[in-house]
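S.K.: Got a sequence here, can you model it:
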Amino acid sequence: MAWKALSNTWRIPVVTMLLGLGAAAAFVAAADVEAEYQQRVQALATDDVDGHLQLALWCRDQEAWTLLRNECTHILRLVPEHQQAKLLLQLARARLGQKSEETPPGGPSAPDEAAGESTDFARVVTDEEIQTMRRIELGLGRPDRVQVRFLTVPDAAKAADIAFADEFYAADRQTRARFMKLAPAERARFILSLPTGDYAQRYGPFIQINSDPAVFEEFERGVLPIIIDGCASAQCHGGENAKGFRLFTGRRLSKNQVYTNYLILHNYKQDGRKGPEKLINRANRTNSLLLFYGLSNPIVNELTPGVHPAPVDPAYRHDRDPKYLRVLRWIEMLSVVPPEYGIDVSPVPPAPAAPQ
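M.R.: Numbers count the residues shown, from 1 in each chain. This is a model prediction of the structure:
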């Protein structure tokens with residue numbers, strides 16, 4: 001009887017505890033949510049609206065409100081009138097606002113907006129935008145060994161290289177024959193780099209480049225891992241409290257995320273003592289913030305950038321560090337004049353509040 005009474009006494013707390021454990025099982029541990037999110041988002045095509053909606057619902061179930069906001073803004077870029085994404089976005093903003101209001105005095109402060117808060121992921125570039133970037137780089141004239149496929153030009157009912165040769169060489173059969181004997185990458189490079197006419201604009205969309213030009217190949221293979229290890233930690237430019245910009249991180253980034261990270265670094269600049277300072281300074285390579293801010297003891301003078309806005313762990317021991325030299329060599333591969341890719345990857349800004 002005593003045991004039965006005792007078991008009845010503990011029944012409610014035990015049931016309550018078990019229910020709590022069952023609810024907790026529906027959530028991934030907070031420290032693992034973003035890692036799990038990265039795996040899920042990498043498995044999705046950029047334009048898979050239904051897939052991103054399911055991922056948004058998963059973010060809601062994990063109470064990962066910032067990630068939910070990111071997913072919803074991505075869906076709304078693809079389908080501006082997506083009603084479920086709009087409702088989920090309202091929920092995310094409401095919960096993020098509530099979380100901010102509930103921060104106790106003396107607790108973690110909100111990120112300093114003057115420091116350039118950037119908690120949203122950038123919009124991930126599409127496959128066609130990757131093609132645009134590859135064509136622009138190939139058109140700069142570097143001898144990149146890339147895989148090229150010429151698609152059919154509808155108006156001419158011919159492959160792009162043949163249609164171009166018919167127009168450009170006209171009756172000059174001998175020169176046309178020499179052009180057609182070039183390797184596909186050479187033919188594509190010639191078309192895309194012509195300084196006169198609008199050949200690149202007309203035939204470029206029908207030139208499909210199926211491998212990375214050297215600049216992007218080295219960025220993905222050699223440079224991005226150094227950046228992710230050095231300055232894209234959760235405390236710097238890789239987490240929810242990222243300042244200035246936020247990079248995609250993880251072991252297995254999609255090709256679209258890699259190109260998006262490149263564009264973020266390509267576009268980013270900040271106000272300095274003598275004007276804009278760039279993460280990638282093509283004209284004065286060693287003053288690239290990507291290099292300078294990563295040094296253990298950078299020499300700060302009137303010719304160099306200022307100090308990093310906040311203390312950071314150095315990525316390079318000195319300017320002879322192999323990691324430093326690899327990033328420097330990559331920057332030296334870039335054209336001195338920055339290409340105009342014409343691609344905006346900024347996160348979708350919040351909708352203006354409705355008038356009361």
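S.K.: ok, the nearest residue to Gln270 once chain neighbours are set aside to Asp48 distance?
M.R.: Closest residue to Gln270 apart from its sequence neighbours, by C-beta to C-beta, 6 or more residues apart in numbering: Glu277 at 5.6 Å. Yep, even glycine has a C-beta here, placed from its N, CA and C like the rest. Going from Glu277 to Asp48 by C-beta to C-beta, to the nearest Å gives 38 Å.
S.K.: Just want to know which of those two has more residues nearby.
M.R.: Taking other C-beta atoms under 10 Å, Glu277 and Asp48 do not tie; Glu277 has more neighbours (20 against 14).
S.K.: give the contact list for the more buried one.
M.R.: Shown in contact with Glu277 (C-beta atoms under 8 Å, 6 or more residues apart in numbering): 269-271, 287, 289, 305-306.
S.K.: where exactly do the strands run in the stretch 1-150 of the chain?
M.R.: For the stretch 1-150 of the chain, the strands defined by DSSP state E, counting those that start in this stretch cover 148-150.
S.K.: low pLDDT regions in it?
M.R.: Applying pLDDT under 70 to the stretch 1-150 of the chain picks out residues 1-31, 97-121.
S.K.: Helices of that one, residue ranges please.
M.R.: Counting by DSSP state H, counting those that start in this stretch, the stretch 1-150 of the chain has helices at residues 2-25, 30-42, 49-61, 65-78, 83-101, 127-138.
S.K.: Could you pull up the contacting residues of His82?
M.R.: Going by C-beta under 8 Å, 6+ apart, His82 touches 49, 53, 75-76.
S.K.: Any quick PyMOL command for the buried ones out of the residues you listed?
M.R.: Remark: buried members of the contacts of His82, expressed as a PyMOL selection using 16 or more other C-beta atoms under 10 Å:
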select buried, resi 53+75+76
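S.K.: Kindly reformat the contacts of His82 as JSON lines containing distance to Val327.
M.R.: As requested, the contacts of His82 are exported to JSON lines (distance: C-beta to C-beta, whole Å):
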{"residue": "Val49", "distance to Val327": "37"}
{"residue": "Leu53", "distance to Val327": "38"}
{"residue": "Ile75", "distance to Val327": "35"}
{"residue": "Leu76", "distance to Val327": "35"}
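S.K.: which of the contacts of His82 are the two that sit furthest away from each other?
M.R.: Greatest spacing in the contacts of His82, by C-beta to C-beta: Leu53 and Leu76 (11.0 Å).
S.K.: Setting aside sequence neighbours, what's the nearest residue to Leu57?
M.R.: Leu88 (7.6 Å).
S.K.: you'd agree that neighbour is up against Asp61?
M.R.: No. Contact criterion C-beta atoms under 8 Å: Leu88 and Asp61 do not qualify, at 11.3 Å.
S.K.: Give the helix, strand or coil label for the residue lying closest to Leu140 once chain neighbours are set aside.
M.R.: The shortest distance from Leu140 to any non-neighbouring residue, by C-beta to C-beta, 6+ apart, is to Ser335 (5.4 Å). When classified by DSSP: H, G, I helix; E, B strand; the rest coil, Ser335 comes out as coil.
S.K.: what kind of secondary structure is Pro276 in?
M.R.: Classification of Pro276 using three-state DSSP returns strand.
S.K.: nope, Gln208 is what I meant
M.R.: From three-state DSSP, the assignment for Gln208 is strand.
S.K.: Skip the chain neighbours and tell me the closest residue to it.
M.R.: Using C-beta to C-beta, 6+ apart, the nearest residue to Gln208 is Arg149, at 4.5 Å.
S.K.: ok, the one you found - contacts?
M.R.: Counting by C-beta under 8 Å, 6+ apart, Arg149 touches 184, 207-208, 210.
S.K.: how about the contacts of Glu277 in TSV, adding neighbour count, distance to Phe168 and pLDDT?
M.R.: As requested, the contacts of Glu277 are exported to TSV (neighbours: other C-beta atoms under 10 Å; distance: C-beta to C-beta, whole Å; pLDDT from 0 to 100):
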residue	neighbour count	distance to Phe168	pLDDT
Lys269	15	39	80
Gln270	15	44	77
Asp271	9	46	67
Asn287	15	42	87
Leu289	22	43	90
Pro305	21	46	78
Gly306	16	51	70
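S.K.: quick one: which two of those residues are the most distant?
M.R.: Based on C-beta to C-beta, the longest span within the contacts of Glu277 runs between Asp271 and Asn287 and measures 14.9 Å.
S.K.: just how off-centre is stretch 47-64 within its chain?
M.R.: Relative to the centre of its chain, stretch 47-64 is centred 19 Å away, using C-alpha atoms, centre = their mean, to the nearest Å.
S.K.: And stretch 326-344, end to end?
M.R.: End-to-end distance of stretch 326-344: 28 Å, with C-alpha to C-alpha, to the nearest Å as the criterion.
S.K.: my bad, stretch 157-176
M.R.: With C-alpha to C-alpha applied, stretch 157-176 spans 19 Å between its terminal residues.
S.K.: Roughly how far does Arg221 sit from Val215?
M.R.: Distance check for Arg221 against Val215: by C-beta to C-beta, it reads 11 Å.
S.K.: Check His82 too.
M.R.: From His82 across to Val215, the span is 35 Å (C-beta to C-beta).
S.K.: Thr260 too?
M.R.: Going from Thr260 to Val215 by C-beta to C-beta gives 15 Å.
S.K.: same thing with Asp229?
M.R.: The gap separating Asp229 from Val215 is 21 Å, by C-beta to C-beta.
S.K.: Settle it for me: which of those two has more neighbours?
M.R.: Using other C-beta under 10 Å, the more surrounded residue of Asp229 and Val215 is Val215, with 21 against 13.
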